[in-house]
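A.B. asks: Could you look at this predicted model? Sequence included:
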Amino acid sequence: MESVTAVFAGTAFALFGVALLIWTGARTILRAPVAHGVSPVASTALATLFGVLFVVLGVWCFTRV
């Protein structure tokens with residue numbers, strides 16, 4: 001039963017992380033702000049960091065299956 005939970009959590013984390021990375025990349029390519037009212041460099045770096053973190057967390061969950 002724990003493997004079902006790990007697969008669900010891994011899928012959720014990985015999908016969110018990949019979506020965040022794609023969205024951040026698209027906003028960067030279009031030179032649009034990632035977050036309003038924040039430094040463009042800081043918001044892009046933070047969004048990229050969290051995107052990678054969520055993908056790594058998703059992969060880690062998949063290794064627990």
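C.D. replies: Perfect, I can see it now. As the structure is a computational prediction, the values presented were derived from the model and not from experiment. Residues are numbered from 1 along each chain as shown.

A.B. asks: what secondary structure does Ala35 sit in?
C.D. replies: Following DSSP: H, G, I helix; E, B strand; the rest coil, the label given to Ala35 is coil.

A.B. asks: Who are the contact partners of it?
C.D. replies: Ala35 is in contact with 43, 47, counting by C-beta atoms under 8 Å, 6 or more residues apart in numbering. Glycine gets a C-beta too; all of them are placed from N, C-alpha and C.

A.B. asks: any idea how far it lies from Phe8?
C.D. replies: 29 Å (C-beta to C-beta, to the nearest Å).

A.B. asks: Gly58: neighbour count?
C.D. replies: Gly58 has 19 neighbours, counted by other C-beta atoms under 10 Å.

A.B. asks: So it versus Leu21, what's the distance?
C.D. replies: Using C-beta to C-beta, Gly58 is found at 12 Å from Leu21.

A.B. asks: Could you measure from Val41 over to Gly51?
C.D. replies: Remark: distance between Val41 and Gly51 (C-beta to C-beta) = 16 Å.

A.B. asks: could you say what helices and strands the helix or strand hosting Ala6 packs with?
C.D. replies: If you go by DSSP states H and E, Ala6 is part of helix 2-29. Counting contacts by 3 or more C-beta pairs under 8 Å, 6 or more residues apart in numbering; DSSP states H and E, helix 2-29 is packed against helix 40-63.

A.B. asks: Now that Thr44 has come up, it's in contact with Val34, right?
C.D. replies: Yes. Thr44 is in contact with Val34 according to C-beta atoms under 8 Å; the separation is 5.1 Å.
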